[in-house]
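Q: how would this look folded up:
(one chain, ligands or ions: 2)
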Amino acid sequence: MRARALWAVVAAAGGGERFGSDLPKQYQVLHGRSVLGWSLQAVRGAAPLQGLALVLAPGDEHWRALDEPALAGVIACRGGTTRQASVANGLAALGEAGAGTDDLVLVHDAARPCVRTADIRRLIERAGDSPDGGLLAAPVRDTLKRAAGEQVQATVPRGGLWQAFTPQLFPFDRLRRALAAAAEQPVTDEAEAMERAGARPRLVEGAVDNIKLTYASDLALAAAILAAREAGAEEAP
Ligand SMILES: Nc1ccn([C@@H]2O[C@H](COP(=O)(O)OP(=O)(O)OP(=O)(O)O)[C@@H](O)[C@H]2O)c(=O)n1
Ligand SMILES: C[C@](O)(CO)[C@H](O)COP(=O)(O)O
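A: Residues are numbered from 1 along each chain as shown. Ligands and ions are numbered 1, 2, ... in the order given. Prediction:
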């Protein structure tokens, strides 16, 4: 029987509208290397991969100019107009490269450069054997308010609420089918597509400094996180 291989998709095809820069956020310099380089390094460092699909915006040539060892051997493929479509394209590329039904696939946002390799390893350990897969996430810490315009309408009980991060880890074929089935009803992460297909993915707690670069001001925060880590302040927040 063929051993179960691990593959990865790194979604880097976003336009970064909210970030608002001519240079897409995945190519910004962050603590000495590109945002994309940090994300690729974290995923590749977690476990040996059979292959990694790097999903890029149509016409994106920035990645070719990077001096980035973690780009070696990536399967470059074209993104779609939504994150969901980009991930589906990445899975299709892995299918062509030989990903099998029962193989596992990690899906990560290029825009989450601060993810800890140790957290990805824990995700693989805790969710790799589950047919429903799993995701890095963290329990919501703050009091939550539902708004009506700028006024509070209600306080939302936060018990049982988690914020979803990436990477997310699923059996290859189940995820491919779940995303195809969700094509008409947008989902914001892979877990949501799997949930629609009846799965109950496992929540694996990860450090909350696995932030997504969404606004330009997030870049300085990410740089501070990586600098503190390098200086040895390794305690996960
Ligand atoms: N069509 C898309 C949209 C997003 N992404 C990727 O999905 C991740 C998370 O998306 P987000 O940061 O929300 O994406 P952007 O589309 O880049 O930002 P915005 O919504 O502000 O335009 C990013 O790594 C981004 O490159 C993608 O591969 N393809
Ligand atoms: C997948 C994700 O990173 C989980 O938090 C997130 O949903 C993607 O970003 P978006 O802003 O929701 O597109």
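Q: measure Trp63 to Cys114 for me?
A: Note on Trp63: its distance to Cys114, by CB to CB, to the nearest Å, is 20 Å. (Glycine included, C-beta is placed from N, CA and C.)
Q: for the two, indicate the residue with more neighbours.
A: Neighbour totals were compared for Trp63 and Cys114, and Cys114 leads with 25 against 22 (other CB atoms under 10 Å).
Q: need the pLDDT of that one.
A: At Cys114, the model reports a pLDDT of 98.
Q: quick one: contacts for Leu213?
A: Phe19, Lys25, Gln28, Val35, Ala111, Arg112, Pro113, Leu219, Ala222 (CB atoms under 8 Å, 6 or more residues apart in numbering).
Q: could you point out the longest strand of this protein?
A: For the chain, the strand that runs over the most residues, judged by DSSP state E, is strand 162-171.
Q: from the centre of the chain, point out the most distant residue.
A: Using CA atoms, centre = their mean, the residue of the chain lying farthest from its centre is Gln151. It sits 32.9 Å away.
Q: point out the residues in this protein that sit beside ligand 1.
A: With CB under 6 Å from any ligand atom as the criterion, the chain comes near ligand 1 at residues 11-19, 26, 55, 79-83, 86, 109-111, 212, 214.
Q: of these, buried ones?
A: Buried members of those, scored by 16 or more other CB atoms under 10 Å, are 11-14, 16, 19, 26, 55, 79-80, 83, 86, 109-111, 212.
Q: where do the strands sit along the protein?
A: Here the chain has its strands, by DSSP E, at 6-12, 29-30, 33-34, 51-56, 75-78, 104-109, 134-139, 144-148, 151-156, 162-171, 202-205.
Q: out of the ones you listed, which gets nearest to Glu96?
A: Glu96 lies closest to strand 75-78 among these, at 8.4 Å (CB to CB).
Q: identify the residues contacting whatever residue of the chain ends up closest to ligand 1.
A: Nearest to ligand 1, among the residues of the chain, is Gly14, at 2.1 Å (CB to the nearest ligand atom). Neighbour list for Gly14: Pro24, Lys25, Gln26, Ala57, Gly79, Arg83, Ser86, Ala110, Ala111 [criterion: CB under 8 Å, 6+ apart].
Q: now Gly98
A: Gln50, Gly51.
Q: before we move on, what about Asp22?
A: Residues counted as contacts of Asp22 (CB under 8 Å, 6+ apart): none.
Q: so it versus Gly59, what's the distance?
A: Applying CB to CB, the value for Asp22 to Gly59 is 14 Å.
Q: one step back: can you list the strands of the chain in TSV and add mean pLDDT?
A: Formatted as TSV, the strands of the chain follow (pLDDT from 0 to 100):
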stretch	mean pLDDT
strand 6-12	98
strand 29-30	98
strand 33-34	97
strand 51-56	98
strand 75-78	98
strand 104-109	98
strand 134-139	98
strand 144-148	98
strand 151-156	98
strand 162-171	98
strand 202-205	98
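Q: mind checking which of the ones you listed is nearest Ile124?
A: For Ile124, the closest of those is strand 162-171, at 6.4 Å, according to CB to CB.
Q: and the closest one with strand 6-12, angle?
A: On the basis of axes from the mean of the first three to the mean of the last three CA atoms, to 10 degrees, strand 162-171 is oriented at 130 degrees to strand 6-12.
Q: pull out the buried positions in strand 162-171.
A: Across strand 162-171, burial judged by 16+ other CB under 10 Å covers Ala164, Phe165, Thr166, Pro167, Gln168, Leu169, Phe170, Pro171.
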